[in-house]
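> predicted model and sequence follow; I will ask about them next.
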Amino acid sequence: MSDANILLADDDEELSQLLSDFLEREGFHVDVAGDGNSALRTLTEGNYDAVILDVMLPQKSGIDVLRELRRASQLPVLMLTALGEDIDRILGLELGADDYVPKPCNPREIAARLRAILRRTRGEAETAHMGDLSLGPVKLAAAARTVSVRGEAIALTGTEFNILAMLMREAGRVVGKDAIAQAVLGRTLRPFDRSIDVHISKLRRKLGPAADGDSLIHTIQRGGYLFRVVDET
């Protein structure tokens, strides 16, 4: 990940300096934007591998920046949220953030989260050799990292793609939330952490129902999730 170009969007100058210095020492190339408008402009003009996006930005909030970014890009996004602000976290995930870190944050955790996101979204490891998958109405092309439903392409974030790939590889079997979090987010779930639930909810909406009208992804109480094997021929 030493070649990764990162935009850090945060108006806290002291924190931005601390994080950027640490990430540079870890091998990342970091640019800093101090407000939402600057962040959007810089992302449009530059070539970045990921963005660290604070929710509370001046001029244009991090949530608004994410909303506009997702209209045209699936660039990996790591949100910085205030401790205890569950609404901001859930909204960020709903709008397409890959993961979040609550403030105050540890620079080492930021670096670890970035590496996990970049590793997964770049298609390294699992998707590089797993082969294409075709189950019911869903076709997943591993090398191209694309998904179509009944022949129509759907746009997924890197995190959504990797969750779907994991569930499809284990189709018909229950995959636990903690297993998904470890494999896709590179971390364990905190108590009351709804990150995986929100990503699954978004996947359900994007995939749509099976021919029988039921969801392609079932929730197994206190267990996890199961991708249904559905014959639509």
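Ah, there it is. Numbers count the residues shown, from 1 in each chain.

> longest helix in this structure, by residue count?
Counting residues, the longest helix found in the chain (DSSP state H) is helix 107-121.

> and that one, what does it pack onto?
In terms of contacts (3 or more Cβ pairs under 8 Å, 6 or more residues apart in numbering; DSSP states H and E), helix 107-121 is packed against helix 13-25, strand 50-54, strand 77-82, strand 99-103, helix 158-169. For glycine as for every other residue, the C-beta is placed from the backbone atoms N, C-alpha and C.

> could you find the closest non-adjacent residue to the residue nearest the centre of the chain?
Note on the chain: the residue nearest the mean C-alpha position is residue 98, at 2.0 Å, using Cα atoms, centre = their mean. Leaving out its chain neighbours, the residue that sits closest to residue 98 by Cβ to Cβ, 6 or more residues apart in numbering is residue 159, at 4.4 Å.

> so that neighbour versus residue 88, what's the distance?
Note on residue 159: its distance to residue 88, by Cβ to Cβ, to the nearest Å, is 18 Å.

> who's more crowded, those two?
Between residue 159 and residue 88, counting by other Cβ atoms under 10 Å, residue 159 is the more crowded of the two (27 against 21).

> what sits against that one?
When contacts are counted by Cβ atoms under 8 Å, 6 or more residues apart in numbering, residue 159 touches 76, 98, 99, 117, 120, 121, 184, 185, 199.

> top of those by neighbour count?
Counting neighbours by other Cβ under 10 Å, the top entry in the contacts of residue 159 is residue 98, with 30 neighbours.

> okay, that residue: pLDDT?
Per-residue confidence (pLDDT) for residue 98: 92.

> what are the phi and psi values at it?
phi -80, psi -40 (degrees, to the nearest 10).

> tell me the contacts of it?
76, 77, 78, 117, 121, 157, 158, 159.

> can you add distance to residue 94 and pLDDT and give those residues back as JSON lines?
As requested, the contacts of residue 98 are exported to JSON lines (distance: Cβ to Cβ, whole Å; pLDDT from 0 to 100):
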{"residue": "76", "distance to residue 94": "16", "pLDDT": "93"}
{"residue": "77", "distance to residue 94": "12", "pLDDT": "95"}
{"residue": "78", "distance to residue 94": "16", "pLDDT": "95"}
{"residue": "117", "distance to residue 94": "17", "pLDDT": "86"}
{"residue": "121", "distance to residue 94": "18", "pLDDT": "69"}
{"residue": "157", "distance to residue 94": "11", "pLDDT": "89"}
{"residue": "158", "distance to residue 94": "16", "pLDDT": "87"}
{"residue": "159", "distance to residue 94": "13", "pLDDT": "90"}
